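In: Provided below are the primary sequence and the corresponding predicted coordinates.
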Amino acid sequence: MIKVMIAKPGLDGHDRGAKVVARALRDAGMEVIYTGIRQTPEQIVQSAVDEDVDILGISILSGAHMKLIPRILDLLKSKGSNMPVFVGGIIPKEDAEKLKALGVAEVYGPGAPTSEIAEQVKRFVEHSST
Amino acid sequence: MSNTRVREDEILEGMKSHDRRSLAKMLSLCEKAPDMANEILDKLSKKTSHVIGITGSPGVGKSTLISTILDKMNGKKIGIVVVDPSSPFTGGALLGDRVRMQSHATDKNFFIRSFANKGALGGLSPSIYEACDAFEAFGMDDVIIETVGVGQSEVDVANIADTVVVVLSPDNGDEVQMLKAGLMEIADLFVINKSDNPRSQILLSRLRAVTSGNKEVPIYLTNAVTGEGVERLLDDLDDRFFQISSNGILVQKRKKRLLHHAQSIVRREIDHLIQNLEINGRNLKEIRNQLIEELCKKDDQNN
Amino acid sequence: MNDDELNEKYKEWNRKTKEIIKKYPERGEFKTTWGEKTKRLYTPLDVKDYSRIGFPGEYPFTRGVQPTMYRGKLWTMRQYAGFGNALESNKRYKYLLEQGQSGLSVAFDLPTQIGYDSDDPHSLGEIGKVGVAIDSLSDMEILFDGIPLDKVSTSMTINSTASILLAMYMVVGEKQGVSREKLRGTIQNDILKEYIARGTYIYPPRPSMRIITNIFEFCSKEMPLWNTISISGYHIREAGADAVQEVAFTLADGIEYVKAAVEAGLNPNTFGKRLSFFFASHNDFFEEIAKFRAARRMWAKIMKEQFGVTVPSAMRLKFHTQTSGSTLTAQQPDNNITRVTLQALAAVLGGTQSLHTNSRDEALALPTEESVRIALRTQQIIAYESGVSKTVDPLAGSYYVESLTDSIEKRAFDYIDKIEKMGGMVKAIEAGYVQQEISNRAYDYQKAIESKKQIVVGVNKFTSEEEAPKSTLKIGDTAEKEQIKKLRILKKTRDNEKVTNALKRLEESAKSDENIMYPIVDAVKVYATVGEISNVMRKVFGEYKESIML
């Protein structure tokens, strides 16, 4: 059983994508924790570590991703966690590449099929636990 | 195998030194390998925490009430277990109650953990007893369990909790009539949430009418937005715990909890046996599928 | 041909067609976006009662709110813009005005919208990102520098902090020598849809409704030309609602606001004139046109029948339209120009009063100047080349469009009845009902795309391998640093005693049942910040916690 957290850092309230992905992952048989909007990196990381989730998904559309996502990755590291992280939102290609270089498993743009996300999430989790 | 042994030792040591991450791992073990979890838990000394079950129909504001309770807690260490239902079809679950408590996510004294009930009988998570033990072993002052709020989970929380709080909302007009017989009996106290709603007074008097004559069950009016009434509720919860600790009721409750814990272990073993059962070289799933197929055939012939 | 003859003829035609279909089947089932079956053919039989349609400029306004529509005056071309700091945005506004845009539409960054100053930890990474950062009156003075506020009308997308930004705008106007009663424009000020879909709420619904009624009251006395609310279906639609839900939930929000205003003692016959609406224009061309027409007719009925309004101009649903951001694709982004064109055309054929056309690259990042220009040119081509503005409501009488209009009206009224039975929109939101309905529809739509029941060109069909364009607009970090620096200097150099006193007055006012607009105006004048003012109200009103409905 995969346990996944879908988190929304930053101040934007566009949670359609986050909710759709959360539902799709549930329907793919996962246990999904959705944090709600406007979460600080500290709240997200502490929740993910306390819940001991297998993987963390981050949804952001405000444009603050280059500030917030590296901060989340740093905080996870400082708490000794190596859980995989994936990102969804409107992320320009060059930023997506930078985020992947920092350790983000995948960046999904608008229109990414949820079935594909679910498949890949399974793979990321398998990969990280071996 | 040796690998997990090392991890177990790490968890054991971490639990002893109150390492938060170890508690997180411990709780996962409770879910994924309860036998192993019990083994570790046996080696740990436990504090007798006040285990508070919070129950009531979905939408009455259980999570919001807990969040308000946490707002008013000063320096106490609290473990919070929130249980959500698993889908009977996919096994997946949306664990959404945590959202309302997110403002407390980074508080060092609180530890919030979501559990899926995994279709467990009674609606509480099958590992709820182990999880509760884990929080006690970690030294929590209180352990709060929020139920799914439907079906048996409302009643079964009494098997584990020292105190059962039944939350009602004035928005659900027929709440009092709907109070299931079992729920009336297990309630140690009632909370009417959303006290600013004018209907809460009506609910209060109806509730008084229903409860009078039975055992004396105190009723609290709270407002989760302003926090009104919550402090009194907390004071009385503490008083109650002190009382039941000294008058022997707590001992009875703990015996009952142990009994139900044992039952849950036995049930798990039986489930396990059934799952692995083979009759003439076929497992349960195959037998079930064949049975369904034959029944369907019969249906077809009848039509 | 009378109805019976027509009916006979229609049946006969259907019989013949069914024979043909046996040999040459149709491509599949056809349905509206809300799941109703679409007929093969619409005839006069589907539109029995022409009196429902009426004449433009007259009740029930199905055909438009003015008698001459675009023959008299074209719609206002209004592109939503604002980014970085006030100075950069000021330059963009001047550019847009030079390009022939007729009104300003101000986008604020999220900290400004949620009442956090730029130096607040919550603002990390958000400053100047989705709009301009405004901390104090000083930023607002720069934002409108050199733009004569008596000449332009300004629309501000601002909700939970609308009271503060409106106060700032008014003070800037007065400093320019333009008195408050001459200022024209709109604040969005629609808090209910923030809980439903957009997410920039601060306080719980009830105190928020009180602030809104205070604004209504203030403007009715002080700023009579100002549109005090733009009741918005746009974000509801973008969150996943279908066309029926968009109309239903938006008008249900509208009903809640009018109720609140009436309770506060305002006369709906005058107050009704100051209401405006804001809708999305999506892909399904005829549905969208019908949606606008249905919404207009429904609102007129609501104002007349439910609120007893007798002045026709207070029954008119005037609306702004924005083409749908969520239909834009990151794949093959130039295709978005075509989508935007169709959506814009639907809005014009639906009788919009103003229009924002999205830029092709908005699924990738903030739009570049070139993309914004193409988007504006799209409107200009529709206005000046397509000929659709030559006559009023050209699609009236189309059997299909009229039938869709009726259907949307009926279904949306069903929703509104349901919400009324729940005790109104605030109750329905608190119970999570509206959020749940939208979330269900959003999920269904996503599944439809993934199963290819819904085709999205370039995404699940006609895909091609191509590189995403690199030239997107970036907001640098320097804007953030400068904004924070500026704010710190302001907090040191202003008269802080005056600020403290003004905030104290505001707190007392918030606790009482006074109109809080007046103390907000006073606080703004002495350069109290958006964050400081919001925090005073946070203390008094509390903060809203969302109910998650997945």
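Out: Done, it's in. Numbering: from 1, shown residues only, chains lettered A, B, ... in the order given.
In: what's the offset of stretch B:156-172 from the middle of its chain?
Out: Remark: stretch B:156-172 is offset 10 Å from the chain centroid, using C-alpha atoms, centre = their mean, to the nearest Å.
In: for the record, mean pLDDT for it?
Out: Mean pLDDT, computed over stretch B:156-172, is 89.
In: Could you do stretch C:70-87 as well?
Out: For stretch C:70-87, mean pLDDT rounds to 85.
In: Give the buried residues for it.
Out: C:70, C:74-86 (16 or more other C-beta atoms under 10 Å in any protein chain shown). Every residue, glycine included, has its C-beta placed from N, CA and C.
In: do it and chain A meet?
Out: No - using C-beta under 8 Å from any C-beta of the partner chain, stretch C:70-87 stays clear of chain A, coming no nearer than 9.3 Å.
In: Could you look up the SS state of the spatially most central residue of chain A?
Out: In chain A, the C-alpha nearest the mean C-alpha coordinate belongs to residue A:57, at 1.5 Å (C-alpha atoms, centre = their mean). Recorded secondary structure, residue A:57: strand (DSSP: H, G, I helix; E, B strand; the rest coil).
In: Identify the residues contacting it.
Out: In this structure, residue A:57 makes contact with A:4, A:5, A:6, A:7, A:18, A:21, A:25, A:85, A:86, A:87, A:88, A:121, judged by C-beta atoms under 8 Å, 6 or more residues apart in numbering or on different chains.
In: now with 10 Å?
Out: By C-beta atoms under 10 Å, 6 or more residues apart in numbering or on different chains, the contact list for residue A:57 reads A:4-8, A:18, A:21-22, A:25, A:32, A:34, A:48, A:84-88, A:105-106, A:108, A:117, A:121, A:124.
In: Keep only these that also lie close to chain C.
Out: The subset of the contacts of residue A:57 within reach of chain C, by C-beta under 10 Å from any C-beta of the partner chain, is A:6, A:8, A:18, A:21, A:22, A:32, A:34.
In: pLDDT weak spots in chain A?
Out: Scanning chain A for pLDDT under 70 picks out the ranges A:130.
In: the longest helix in it is where?
Out: helix A:114-129 (DSSP state H).
In: need the contact list for the residue nearest to residue C:495 when sequence neighbours are not counted.
Out: Spatial nearest neighbour of residue C:495, excluding adjacent residues (C-beta to C-beta, 6 or more residues apart in numbering or on different chains): residue C:526 at 6.3 Å. Residues in contact with residue C:526 (C-beta under 10 Å, 6+ apart) are C:136, C:137, C:494, C:495, C:496, C:497, C:498, C:499, C:500, C:501, C:502, C:503.
In: For residue A:107, what is the enclosing helix or strand?
Out: Secondary structure assignment for residue A:107, by DSSP states H and E: strand A:106-108.
In: Can stretch B:55-73 be said to contact chain A?
Out: No - for stretch B:55-73, no contact with chain A is found by C-beta under 10 Å from any C-beta; the gap never falls below 11.3 Å.
In: Using CSV, lay out the contacts of residue C:526 together with neighbour count, pLDDT and distance to residue C:283.
Out: CSV is the format used below for the contacts of residue C:526 (neighbours: other C-beta atoms under 10 Å in any protein chain shown; pLDDT from 0 to 100; distance: C-beta to C-beta, whole Å):
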residue, neighbour count, pLDDT, distance to residue C:283
C:136, 25, 97, 42
C:137, 25, 98, 42
C:494, 17, 97, 50
C:495, 11, 97, 54
C:496, 13, 97, 53
C:497, 9, 97, 57
C:498, 15, 97, 53
C:499, 19, 98, 50
C:500, 13, 97, 53
C:501, 15, 98, 54
C:502, 24, 98, 49
C:503, 19, 98, 48
